[in-house]
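Student: Give me coordinates for this.
(2 chains)
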Amino acid sequence: NAGVTQTPKFRILKIGQSMTLQCTQDMNHNYMYWYRQDPGMGLKLIYYSVGAGITDKGEVPNGYNVSRSTTEDFPLRLELAAPSQTSVYFCASAVGGAKNIQYFGAGTRLSVL
Amino acid sequence: KQEVTQIPAALSVPEGENLVLNCSFTDSAIYNLQWFRQDPGKGLTSLLLIQSSQREQTSGRLNASLDKSSGRSTLYIAASQPGDSATYLCAALNAGGTSYGKLTFGQGTILTVHP
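Tutor: I've put the predicted structure just below:
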């Protein structure tokens, strides 16, 4: 069972570069989320989506963009990467309704130098 | 704004010991309280979910309790094993305010169980 798949696993960017973090899930979940986790900290919500075509900002959206053209995919775009975006990024999905358990991908470790 | 705090930040215990991890939250308007496990370099795995109307949930050697009135949850691990070594995170699913429908995470407790 694939579950939630994130690519790439690791990436090093130079300041000012851009990239897209990919996330796909095969569980037909409506809800999808992007989080970042800084060392010694909990996860902070960047963006979320309640279905295809619908996205909304979370707690720390600045410097990021998302799109949700299909149920399966929820890519996260970094424009003009900055050192403050060095973090581990997690994508998650939930079956539907805010009360359900979220299933997480393995994460993308990003360094901006 | 919901804030979730976990104590202790790190815990090291010998194998076989029973232990308690603590989680506190500032806003009692929650749908549920969830406990996750995170292994190094991996994503989060859900362990237990306690609905706001419940007092506790059990799964194997794990027992989680919830006291909404005091803003506290505990995760009890019985007869700890080296395989339990991981970071444990709690998260509150908010039912009000600007964080409605979103999870607020604590910073985690790093657990090491040594043989």
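
Student: got the contact list for B:S80?
Tutor: Contact analysis of B:S80 by C-beta atoms under 8 Å, 6 or more residues apart in numbering or on different chains lists B:V13, B:E15, B:G16, B:E17, B:N18, B:L19, B:L111, B:V113. Where C-beta positions appear, they are placed from N, C-alpha and C, glycine not excepted.

Student: Number of residues surrounding residue 10?
Tutor: Picking chain A for this. By other C-beta atoms under 10 Å in any protein chain shown, 10 other residues sit near A:F10.

Student: To clarify, I was referring to chain B.
Tutor: Counted with other C-beta under 10 Å, B:A10 comes out at 11.

Student: from the contacts of B:S80, which two are the most distant?
Tutor: Distance extremes for the contacts of B:S80: the farthest pair is B:G16 and B:L111 at 14.1 Å, using C-beta to C-beta.

Student: higher neighbour count, those two?
Tutor: In terms of neighbours (other C-beta under 10 Å), B:L111 is the more surrounded of B:G16 and B:L111; the figures are 21 against 11.

Student: do you know how far that one is from A:F10?
Tutor: Distance, B:L111 to A:F10, using C-beta to C-beta, to the nearest Å: 26 Å.

Student: Tell me the residues on chain A that lie near chain B, please.
Tutor: A:4, A:40-45, A:48, A:58-59, A:90, A:92, A:98-99, A:101-107 (C-beta under 8 Å from any C-beta of the partner chain).
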